[in-house]
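# Model the following, please.
(one chain, ligands or ions: 2)
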Amino acid sequence: MEVANRIVAEILEGVKEKVQAGIETRELDELAEEMCRQRRVKPAFKGYRGYPRSICVSVNEEVVHGIPGARRLKAGDVVSLDFGVKYEGFYGDAAITVGVGDVGEKARALIATTEESLYAGIAQVKAGQRLSDISHAVQTVVEGAGYGVIREFVGHGIGRSLHEDPQIPNFGPPGRGPALQVGMTFAIEPMTSMGSWQVRILQDGWTAITQDGSCAAHFEHSVALTENGVLILSRL
Ligand code: MF3
Ligand code: CO
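Ligands and ions are numbered 1, 2, ... in the order given. Sure, this is the predicted structure:
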């Protein structure tokens, strides 16, 4: 899983470098696929429940699962990239949100808070904590900054499958759910919006957008709880 997630991080870094005004989102998908071929790994999302591409590119009010296509990015867009691979039977999964050119103070703050909430959740991954301590830590950071935390999508266990139990909501009271134990591996993924947390799915059957059209952000890391504490697998 270390290798799978390192490759995910490398590919996300490569795709991030291509996020600029004028590029079509399908070019980002092509780059991710090319980088998978070079590394002889399988993109995890393509064909998953019929998802048609290798990467999710979600722009502005799109929260998650945006399908790359002919859309051209422009300055000021807020772009979430979500990507996973399968390597020797094990999965990696991570997401980042980046701005195209200058996105302005408000979007920068949303992006920064969302990443901060991910790290607050990761900080709860230690022996003695319960699963919902992760959820509560994320919610506290996001709502403390005045943003909405999406409830319809969750983080998850990860390993020999992309999505394993348990589900990891990004909200809820602390101290609930299973005790965290050495050997567990999770994908923690806060999804946030500048406005309300309600989402709806577009006609394509995938793209989730905020109901109020407000801007959204998404960060994700795959992590492992080891004897020596939490290891962030998908960080370069
Ligand atoms: N990171 C997302 C998740 O963990 C990616 C799933 S997209 C899909 O759910 F296309 F694979 F469904
Ligand atoms: Co995930």
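# Spell out which parts of the chain neighbour ligand 2.
Residues of the chain lying near ligand 2 by CB under 5 Å from the ion: D93, A187. The way it works is simple: take the backbone N, C-alpha and C, and place the C-beta from them, glycine included.
# which sections of the chain are below the confidence cut-off?
The chain contains no residues with pLDDT under 70.
# Spell out which residues of it are next to ligand 1.
Within the chain, the positions near ligand 1 by CB under 6 Å from any ligand atom are F45, Y48, R49, Y51, C56, H65, D82, D93, A95, H156, A187, E220.
# rerun that using 5 Å as the cut-off
Contacts of the chain with ligand 1, taken as CB under 5 Å from any ligand atom, map to F45, Y48, Y51, D82, D93.
# what about R49, how many neighbours?
Residues contacting R49 under the criterion other CB atoms under 10 Å number 8.
# Then T97 would be within a strand, right?
Yes - counting by DSSP: H, G, I helix; E, B strand; the rest coil, T97 is located in a strand.
# Go ahead and name everything in contact with whichever strand or helix holds A9.
Using DSSP states H and E, A9 maps to helix 2-18. If you take CB atoms under 8 Å, 6 or more residues apart in numbering as the criterion, helix 2-18 is touched by 27-28, 31-32, 35-36, 39, 41, 55, 81, 83-88, 90-96, 98, 222, 224, 231, 233-236.
# then it to PDB, C-alphas only?
Once non-C-alpha atoms are left out, helix 2-18 reads as follows in PDB (Å, rounded to 0.1, in the frame of the first residue of the first chain):
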ATOM      1  CA  GLU A   2       3.000   2.300   0.500                       C
ATOM      2  CA  VAL A   3       4.000   1.800  -3.100                       C
ATOM      3  CA  ALA A   4       0.500   2.100  -4.400                       C
ATOM      4  CA  ASN A   5      -0.100   5.300  -2.600                       C
ATOM      5  CA  ARG A   6       3.300   6.800  -3.500                       C
ATOM      6  CA  ILE A   7       2.500   6.200  -7.100                       C
ATOM      7  CA  VAL A   8      -0.900   8.000  -6.500                       C
ATOM      8  CA  ALA A   9       0.900  10.900  -5.000                       C
ATOM      9  CA  GLU A  10       3.400  11.100  -7.900                       C
ATOM     10  CA  ILE A  11       0.600  11.100 -10.500                       C
ATOM     11  CA  LEU A  12      -1.500  13.600  -8.600                       C
ATOM     12  CA  GLU A  13       1.600  15.900  -8.500                       C
ATOM     13  CA  GLY A  14       2.100  15.400 -12.200                       C
ATOM     14  CA  VAL A  15      -1.500  16.200 -13.000                       C
ATOM     15  CA  LYS A  16      -1.500  19.200 -10.600                       C
ATOM     16  CA  GLU A  17       1.400  20.700 -12.600                       C
ATOM     17  CA  LYS A  18      -0.900  20.700 -15.700                       C
END
